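Participant: sequence unavailable; structure follows:
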């Protein structure tokens, strides 16, 4: 009262704590359905999905911007070794997940609550995300000019979710893929770089310098006449 806000609050068992609109919201019924992270209802959100909820209502409410507050079980974060700072809210719309600006409004042993402002009602998920760590392995480690060289980034890791992209720059040329096989024709020092990206859109870069040696020179031994 006095703040010109309208709010819907939900049962403690629901993933959604509350939805708040500015001004007087039109009358209507808001429904929240908590979906198991493994439920095959929408594609999994980026990172490690912790909870997911579908929020529906009449059109006059569904398309209005609102402040959404969701809860996460702190025991689940503790079990998986997830820091609260890694938690993000995602919104599923038009066939894809979009990360929303996320604020932690409560962080206690009993409950973790996160909040965002969404453009409309939709399916929301809370996920843990983190930066990947890129790695490069080269075989052979000291190649000769013209020899096939394999550049492997399969040692790349990400704390949550999956690595989905590998962009290489090898001796000034561009390649994609977890593993690249190519040749370098000229001896000398060569710089190799890979930029990896995980499903949360976070990236990391690894750089390696290798020395390409000249192939052995063929020699002929004269025979006595």
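Facilitator: Arrived safely. Remember, predicted model here, so these are calculated numbers, not experimental data.
Participant: run through the neighbouring helices and strands of the lengthiest helix in the chain.
Facilitator: For the chain, the longest helix by residue count, based on DSSP state H, is helix 74-80. Using 3 or more Cβ pairs under 8 Å, 6 or more residues apart in numbering; DSSP states H and E as the contact criterion, the secondary-structure elements in contact with helix 74-80 are strand 48-56. Where C-beta positions appear, they are placed from N, C-alpha and C, glycine not excepted.
Participant: what residues of the longest helix of the chain count as buried?
Facilitator: Buried residues in helix 74-80, defined by neighbour count with 16 or more other Cβ atoms under 10 Å: 74, 77.
Participant: for the lowest-mean-pLDDT helix or strand in the chain, enumerate the helices and strands it packs against.
Facilitator: Between all helices and strands in the chain, the lowest mean by mean pLDDT, DSSP states H and E belongs to helix 59-62, at a mean of 79. For helix 59-62, not one helix or strand is in contact under the criterion 3+ Cβ pairs under 8 Å, 6+ apart.
Participant: just checking, next helix/strand downstream of it?
Facilitator: Next along the chain after helix 59-62, taking DSSP states H and E as the criterion, comes strand 66-72.
Participant: which other residues reach that next one?
Facilitator: Outside of strand 66-72, the residues that reach it under the criterion Cβ atoms under 8 Å, 6 or more residues apart in numbering are 14-21, 50-51, 53, 55, 87, 89, 105, 111-118, 120-121, 124, 126.
Participant: where's the spatially most central residue of the chain relative to residue 21, distance?
Facilitator: By Cα atoms, centre = their mean, the mean C-alpha position of the chain lies nearest to residue 200, the distance being 1.7 Å. Plainly put, residue 200 is 29 Å away from residue 21 if you go by Cβ to Cβ, to the nearest Å.
Participant: do residue 175 as well
Facilitator: According to Cβ to Cβ, residue 175 stands 50 Å off from residue 21.
Participant: ditto for residue 64
Facilitator: Distance check for residue 64 against residue 21: by Cβ to Cβ, it reads 6 Å.
Participant: the host helix or strand of residue 114: which residues count as buried?
Facilitator: Under DSSP H and E, the secondary-structure element containing residue 114 is strand 112-118. Neighbour counts over strand 112-118 (16+ other Cβ under 10 Å) mark 112-116, 118 as buried.
Participant: what's the answer for stretch 100-111, then?
Facilitator: Within stretch 100-111, the residues that count as buried by 16+ other Cβ under 10 Å are 100, 102.
Participant: related to what we said a few turns ago, so which elements touch the helix or strand that the strand holding residue 114 is followed by?
Facilitator: Stepping forward along the backbone from strand 112-118, the first helix or strand reached (DSSP H and E) is strand 123-128. Packed against strand 123-128, as judged by 3+ Cβ pairs under 8 Å, 6+ apart, are the following elements: strand 48-56, strand 66-72, strand 87-93.
Participant: what would the ones you listed look like in CSV with mean neighbour count?
Facilitator: Conversion of the helices and strands packed on strand 123-128 to CSV gives the following (neighbours: other Cβ atoms under 10 Å):
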stretch, mean neighbour count
strand 48-56, 21
strand 66-72, 22
strand 87-93, 20
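Participant: can I get those strands in a markdown table including mean pLDDT?
Facilitator: Below are these laid out as a markdown table (pLDDT from 0 to 100):
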| stretch | mean pLDDT |
| --- | --- |
| strand 48-56 | 93 |
| strand 66-72 | 95 |
| strand 87-93 | 96 |
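Participant: since that was my last question, I'll sign off now.
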